[in-house]
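1. turn this into a model:
(one chain, ligands or ions: 2)
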Amino acid sequence: MASNQSVATMKGIGKQALLTLSEMGIETVEDLILTFPYRHEDFQLKDLADTPHNERVTVEGRVESEPSVLFLGKNKSRTTVRVLVGRHLIKAVFFNQHYVKGKLHIGEMVTLSGKWDRGRQMITVQHHSVGPKSAESDFEPVYSLKGTLRQKTFRKWMRQALDETKNELEDCLPVEMRQRYQLADLGEALESVHFPVDGQALKQARRRFVYEELLIFQLKMQALKKKNREEEPGSRLEYDLERLKGFIAKLPFSLTDAQKRVVNEICKDLLEPYRMNRLLQGDVGSGKTVVAAISLYAAVTAGEQGALMAPTEILAEQHATTLSEWFEPFGVTTALLTGSVKGKKRRLLLEQLEAGNIDLLIGTHALIQPDVKFKSLGLVITDEQHRFGVEQRRVLKDKGYHPDVLFMTATPIPRTLAISAFGEMDVSIIDEMPAGRKEIETYWMKKEMFGKIVGRMEKELASGRQAYVIAPLIEESEKLDYQNAVDLYQQLSVYFQGKFEVGLMHGRLHPDEKEETMRRFAEGELAVLVSTTVVEVGVNVPNASFMLIYDAERFGLSQLHQLRGRVGRGSAQSYCILLADPKTEVGKERMSSMTETNDGFILAEKDLQLRGPGDFFGRKQSGVPEFKMADLIHDYRVLETARADAEKLIASDFFWQSEQTACLRSRIEQSGALSTGRLD
Ligand code: ADP
Ligand code: MG
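-> Ligands and ions are numbered 1, 2, ... in the order given. Presented below is the predicted three-dimensional model:
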């Protein structure tokens, strides 16, 4: 039987079964054997003394009492029998299987599998067989089946299919790679993934499939990257190194080693003839803005224009202020374009941009509207965005621009996910904080402590520092019982009257009002800023050293970390108070995690564990692929290995020419990644 043959040719598969299999995506024998079980029923004998409460267990023992049956009404019954397992005299309970009474006899052996109730020393039996445990495999595969298909039937087909074809299938992994990692060959791995002789065999089989799956995934990514490089025209930005050095020397601080390293990585990309497509990761406060500024300046010295795009107006304005200050002595013209720049002002700005009189345009999404035209756009940087939408990239391309692109994110995407979700990009990481920063001290307190905390905040304000107070809602809501910014603002204004100025910030304010409030806070006129999460990303007021987050259980872990990142930006000791009465375990765990670490990467990994990868970016735009076997959290080491291997392979003639890799090549082609330019 050939593996590409229809399953219809197999014994015992009739019309109805064919339909069900087809629903499961199984047409050929190969499809069938590549349908992996999602778990195995473990029938290995275990010692009850080591079995945790509520865990499934298989034991053998001797029947010690006559089974007693209790009928509980229509077809319902409960049969109980005492069994001696090793030194444990336990109770075995069978539901709705009163017929076992006739099969179990005092003094005879029985094998039982079921859930172990440690407290009551009782097994609720799911499977049993009379006699000692048989010598068959300890692991029985359990598949995810459709319709009325039974595990037993499916297993039989699987057995048949494996016996007839497993040794005929072409193994995509070249011998040399299998040897390098001591991976099982395909036939062996297939056998063990379905019918392992023991736990070790299953583990080995899994290891092979995980590697293969991740390698092919990475090969697709890398092939796509190669294709993009070859086909999308890119420009060499011949920047002026001396001028760049001059700019860096004039900055109010010296760069950290990490900043220097990523600046070098970016500059190297700029000089290359292909389009840069790079992700810059750096925890909140690690100093990404200055890296953006240096990169943009490089583009300007190469005679190109640059653009910096931020997700909110507040952030765009702040960037415009910072950059124009830094660039002022260097004769670089900057301009700000947001949704609230309108009419004549906007028209003028666009004219100047197209004429090339503006070197750097800073703004929100307003930057990529159809009528915004640059003279020569060399570099686009997006701040605080997980993904620069495919759509936005198309817009730029349609305008005839093929700029280098840098994406900056403070959401510390765990490396695992960065590699997988952004695999077609290069990744730079700032893994060091500027010198002199202190850990932000974080406390989790009950909401009833609010009064006390405000007292503590007052002390901080009295020493000349500033504070943020964050609330989940803008105004009182009938539906949600959470604190709101307007109420808090009023309360605190009264409390601090005559002593400290309090400001209010939220998304519904007029843009001018937002700008004015932000300016007053940045300049220290306002001591306290009561705000919703609009200040979550990017906002930089280094003198603020106290943050109070009301109803903190309302926010996700990475959001809390982002919020907290608004303080601790200067050299003063900063504090973050989480006011929260979480009701769920996950909620409590989030609060504790926040108090335990300041490290965004650790928190992100934690978040990933608490939520699962699908939710990390929000399900929709995640772009995180689903795997059959691989698990991005547990298999991240394999993912990194696969990535490195794929990189080497793609760059080698061996990969593109050898017979040995023909199978891998065809897998990449099949996926369509190369023809559509997209990964599915
Ligand atoms: P983020 O990475 O969160 O965007 P920012 O770029 O806003 O961080 O930088 C945070 C603060 O640290 C800013 O006040 C910035 O001026 C300052 N900063 C950045 N780099 C350094 C450095 N190398 N030494 C000292 N301060 C720095
Ligand atoms: Mg920033």
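
2. mind listing what's buried along stretch 301-314?
-> Neighbour-count burial for stretch 301-314 flags 301-302, 304-314 (criterion: 16 or more other CB atoms under 10 Å). For glycine as for every other residue, the C-beta is placed from the backbone atoms N, C-alpha and C.

3. of those residues, which belong to helices?
-> The members of the buried residues of stretch 301-314 that map onto helices under DSSP state H are Thr301, Glu313, Ile314.

4. just name the closest of the buried residues of stretch 301-314 to ligand 1, please.
-> Each of the buried residues of stretch 301-314 was scored against ligand 1 by CB to the nearest ligand atom, and Ala310 proved nearest at 10.3 Å.

5. got a list of what the residue in the stretch 51-200 of the chain that ligand 1 sits nearest to touches?
-> Proximity of the stretch 51-200 of the chain to ligand 1 (CB to the nearest ligand atom) peaks at Tyr181, 37.8 Å away. Applying CB atoms under 8 Å, 6 or more residues apart in numbering, we find Tyr181 in contact with Arg207, Tyr211, Thr641.

6. compare those and tell me which has the most neighbours.
-> Greatest neighbour count in the contacts of Tyr181, by other CB atoms under 10 Å, goes to Tyr211: 23 neighbours.

7. my reading is that that residue lies in a helix. Confirm?
-> Yes: secondary structure of Tyr211 (DSSP: H, G, I helix; E, B strand; the rest coil): part of a helix.

8. now do it against Ala49, distance only.
-> Computed as CB to CB, to the nearest Å, the Tyr211 to Ala49 distance reads 37 Å.

9. now do the end-to-end distance for stretch 455-468.
-> 14 Å (CA to CA, to the nearest Å).

10. can we start the residue count at 5 from this point?
-> In the new count, where the first residue is 5, that last one comes out as stretch 459-472.

11. could you list the buried residues of it?
-> Using 16+ other CB under 10 Å as the test for burial, stretch 459-472 gives Met461, Glu462, Glu464, Leu465, Arg469, Gln470, Ala471, Tyr472.

12. element containing whichever residue of the stretch 405-554 of the chain sits closest to ligand 1, please.
-> Closest to ligand 1 within the stretch 405-554 of the chain is Pro438: 3.3 Å, counting by CB to the nearest ligand atom. Per DSSP states H and E: Pro438 is located in neither a helix nor a strand.

13. what does the stretch 505-654 of the chain put close to ligand 1?
-> The stretch 505-654 of the chain has residues Gly542, Asn544, Pro546, Arg573 near ligand 1, with proximity defined as CB under 6 Å from any ligand atom.

14. for those, work out which two are farthest apart.
-> Largest separation among these by CB to CB: Gly542 and Pro546, giving 13.2 Å.

15. who has more neighbours, these two?
-> Neighbours per residue (other CB under 10 Å) separate Gly542 from Pro546, with Gly542 holding more: 23 against 16.

16. shouldn't that one be in contact with Thr368?
-> No: distance between Gly542 and Thr368: 11.9 Å, which falls outside the contact criterion (CB atoms under 8 Å).

17. stretch 276-292 near ligand 1 anywhere?
-> Yes: Stretch 276-292 lies within reach of ligand 1 by CB under 6 Å from any ligand atom, at Gly286, Val288, Gly289, Ser290, Gly291, Lys292.

18. my guess is the fifth one meets Gln263, correct?
-> Yes: proximity of Gly291 to Gln263 meets the contact threshold set by CB under 8 Å, at 5.8 Å.

19. shared neighbours of the two, which are they?
-> Contact criterion CB under 8 Å, 6+ apart; residues shared by Gly291 and Gln263: Ile434.

20. re earlier: could you point out which of the contacts of Tyr185 is nearest to ligand 1?
-> Comparing these against ligand 1 with CB to the nearest ligand atom places Thr645 closest, at 30.1 Å.

21. tell me the pLDDT of the closest one.
-> Looking at Thr645, its pLDDT reads 90.

22. and it, what does it touch?
-> Shown in contact with Thr645 (CB under 8 Å, 6+ apart): Tyr185, Tyr215.

23. which SS class is it?
-> Assigned with three-state DSSP, Thr645 falls in the helix class.

24. quickly list what Trp448 is bridged to.
-> Under DSSP bridges, the beta-bridge partners of Trp448 are Leu582.

25. hang on, it packs against Gly591?
-> No: with contact defined as CB under 8 Å, Trp448 does not reach Gly591; the gap is 10.6 Å.

26. and the helices in the stretch 555-684 of the chain?
-> Ranges of helices within the stretch 555-684 of the chain are 561-568, 589-600, 604-615, 640-654, 657-661, 666-674, 677-680, based on DSSP state H, counting those that start in this stretch.

27. send me the fifth one as PDB with only the CA atoms.
-> It stands for helix 657-661. The C-alpha coordinates for helix 657-661 follow below in PDB (Å, rounded to 0.1, in the frame of the first residue of the first chain):
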ATOM      1  CA  ASP A 657      24.100  25.600  -1.800                       C
ATOM      2  CA  PHE A 658      23.500  22.200  -0.100                       C
ATOM      3  CA  PHE A 659      20.000  23.200   0.700                       C
ATOM      4  CA  TRP A 660      19.000  24.500  -2.700                       C
ATOM      5  CA  GLN A 661      20.700  21.800  -4.700                       C
END
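
28. before we move on, which element is Ile110 in?
-> Using DSSP H and E, Ile110 maps to neither a helix nor a strand.

29. wait, it sits on Pro71?
-> No: using CB under 8 Å as the test, Ile110 is too far from Pro71 to be in contact (9.5 Å).

30. and the two? which has more neighbours close in?
-> Ranked by neighbour count (other CB under 10 Å), Ile110 and Pro71 place Pro71 first, with 20 against 12.

31. from Arg91, how far off is the more buried one?
-> Counting by CB to CB, the separation of Pro71 from Arg91 is 22 Å.

32. and Leu283, that's in a strand?
-> Yes: counting by three-state DSSP, Leu283 is found in a strand.

33. pull the contacting residues for Val304.
-> By CB under 8 Å, 6+ apart, Val304 lies in contact with Gly310, Val336, Asp363, Leu364.

34. again but with Ser328, I slipped
-> With CB under 8 Å, 6+ apart, Ser328 has these contacts: Thr338.

35. so it: helix, strand or coil?
-> Ser328 is classified as helix under three-state DSSP.

36. burial of Ser117, as a residue count?
-> For Ser117, the count of nearby residues is 19 (other CB under 10 Å).

37. am I right that it is in a helix?
-> No: secondary structure assignment (three-state DSSP) places Ser117 in strand, not in a helix.

38. what are the buried residues along stretch 473-486?
-> By 16+ other CB under 10 Å, the buried positions in stretch 473-486 come out as Val473, Ile474, Ala475, Pro476, Leu477, Ile478.

39. what is the nearest of these to Val506?
-> Nearest to Val506 among the buried residues of stretch 473-486 is Val473, at 8.5 Å by CB to CB.

40. who is that closest one paired with across the strands?
-> Here Val473 sits in beta bridges with Val534, Leu552, going by DSSP bridges.

41. so who does it touch?
-> By CB under 8 Å, 6+ apart, the contact set of Val473 is Met461, Leu492, Leu496, Val532, Leu533, Val534, Ser535, Met551, Leu552, Tyr554.

42. Throw those residues into TSV and include distance to Gln9, thanks.
-> Formatted as TSV, these follow (distance: CB to CB, whole Å):
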residue	distance to Gln9
Met461	74
Leu492	70
Leu496	75
Val532	74
Leu533	70
Val534	70
Ser535	65
Met551	65
Leu552	68
Tyr554	65
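
43. between those, which is nearest Asn268?
-> Nearest to Asn268 among the contacts of Val473 is Met551, at 34.1 Å by CB to CB.

44. looks like that closest one contacts Leu567 (just checking).
-> Yes: Met551 is in contact with Leu567 according to CB under 8 Å; the separation is 6.9 Å.

45. distance of Asn8 relative to ligand 1?
-> Distance of Asn8 to ligand 1, given as CB to the nearest ligand atom, to the nearest Å: 53 Å.
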